[in-house]
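Q: Model the structure of this input:
(chains A and B)
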2 protein chains.
Amino acid sequence: MSRWAPNARERLENAALDLFAENGYEETTVAQIADRAGMNRATFFRHFADKREVLFGGEDALAGLFADAIRAAPPGATLTECLRAALAAAGVAMTPQLRAAAARRRLVVAANSELQERGLLKHARVTQSITAALRERGTDELTARMGAEMGMLAFSVAFDRWMKANDDEPFPPFADTALSDLQARAAELVLPSRISA
Amino acid sequence: MSRWAPNARERLENAALDLFAENGYEETTVAQIADRAGMNRATFFRHFADKREVLFGGEDALAGLFADAIRAAPPGATLTECLRAALAAAGVAMTPQLRAAAARRRLVVAANSELQERGLLKHARVTQSITAALRERGTDELTARMGAEMGMLAFSVAFDRWMKANDDEPFPPFADTALSDLQARAAELVLPSRISA
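A: Sure thing, here's the model as predicted:
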């Protein structure tokens, strides 16, 4: 199946996920991944720094999409408008192929604590990338950090809901709903209501 | 100096930080740490699971303080009141000794990417602990996750500011101010104002 995938990076990713599922992440070598994809090790290393990056390369792309969208938002855009633009831009990457790979990736990461730590590091880097893009617009540091955390939380929630939805549902409405849900919750911090104990 | 520290855990921590500074984190062994503290390896392992935990054991204590304070908050406390109670409880641990050790710990962690990943994992666990304590009060999941992220951000900001302040300043006013600052920023998500580009 991997052999007919449309491009080298995706073929390598599919081969790696096949092998991780068959033999385990630890037991799989880069040489085996390249071989399964019908390529050599050099080609692998043109696309991924190491085996771990097959699982987390998407986060770097995501950080770029978020940051570019925030930079491209119109002058005078509100914080929420910036976050909405970032999530909308991420929607472009949220293809059925990504969704299928993400489900397989999650199984591998869930079984390995080192990979979970790596995932947190990537999450932190994406958050920093959003913070930096907001800071470039003149947003004060605390607002930028809060905005980045809220944007990432909205993305995580949207992504989890999208992964559980029917196969053919597009991502953008999930992003919009998650951000609106989060805005409603943020009101609790500003105009607090009583939480039942 | 370590020898006259008031208790075994603190003596071990001081010995470890001395050795990390002198010889590097990677090069320091548990046997050396125990020896420097005038103890044996068995005593070390009664206090710390491994060498890395000398740097991050405080996060587990912090998670406990936060969660207990949220559980103990009066019925009907608002989300902000719960977070304020959590930060106030953490203040108990924010002693001059902790502050001095934290400054040394940061230098070690800053020089080692594996330790930075570990720090992110601990941060995530503390966040999960706050989320769980809020969920136990009947807070919905998204509000609990948002509240935990905001509580942790307030704590990080307060801690950074406290570390930069004069030696004799107590922690609680920093926590109060950071949380209030963050509440003011959260208004941007609820009642957006224009951010200049």
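
Q: any weak-confidence spans in chain A?
A: Along chain A, the parts satisfying pLDDT under 70 run over A:1-6, A:192-197.

Q: tell me the SS of the closest residue to residue A:66 other than its chain neighbours?
A: Distances taken as CB to CB, 6 or more residues apart in numbering or on different chains place residue A:86 nearest to residue A:66, at 4.2 Å, with adjacent residues excluded. The way it works is simple: take the backbone N, C-alpha and C, and place the C-beta from them, glycine included. What DSSP: H, G, I helix; E, B strand; the rest coil gives for residue A:86 is helix.

Q: ok, residue A:86 to chain B distance?
A: Between residue A:86 and chain B the computed distance is 13 Å (CB to the nearest CB, to the nearest Å).

Q: which ones are touching that residue?
A: For residue A:86, the contacting residues are A:65, A:66, A:67, A:69, A:70, A:130, A:133, A:151, by CB atoms under 8 Å, 6 or more residues apart in numbering or on different chains.

Q: ranking those residues by neighbours, who comes first?
A: Scoring the contacts of residue A:86 on neighbours with other CB atoms under 10 Å in any protein chain shown, the highest-scoring entry is residue A:70 at 30 neighbours.

Q: Doesn't residue A:93 belong to a strand?
A: No: read with three-state DSSP, residue A:93 is coil and lies in no strand.

Q: Could you check how many residues crowd around it?
A: 14.

Q: Double-check it against residue A:58; I have them as touching.
A: Yes: at 7.4 Å, residue A:93 and residue A:58 qualify as touching, with contact defined as CB atoms under 8 Å.

Q: excluding its backbone neighbours, what's nearest the residue nearest the centre of chain A?
A: Geometric centre of chain A, nearest residue: residue A:59, 4.7 Å, by CA atoms, centre = their mean. Leaving aside its sequence neighbours, residue A:59 sits nearest to residue A:122 (CB to CB, 6+ apart; 3.8 Å).

Q: So residue A:119 sits against residue A:56, correct?
A: Yes: taking contacts as CB under 8 Å, residue A:119 lies within contact range of residue A:56: 6.6 Å.

Q: Give me the more crowded residue out of the two.
A: Of the pair residue A:119 and residue A:56, residue A:119 is the one with more neighbours under other CB under 10 Å, namely 23 against 19.

Q: what sits against that one?
A: Contact partners of residue A:119, counting by CB under 8 Å, 6+ apart, are A:55, A:56, A:109.

Q: Check the offset of the strand or helix carrying residue A:58 from the chain's centre.
A: Element membership for residue A:58 (DSSP states H and E) is helix A:53-72. Its chain's C-alpha centre and that of helix A:53-72 lie 7 Å apart, by CA atoms, centre = their mean, to the nearest Å.
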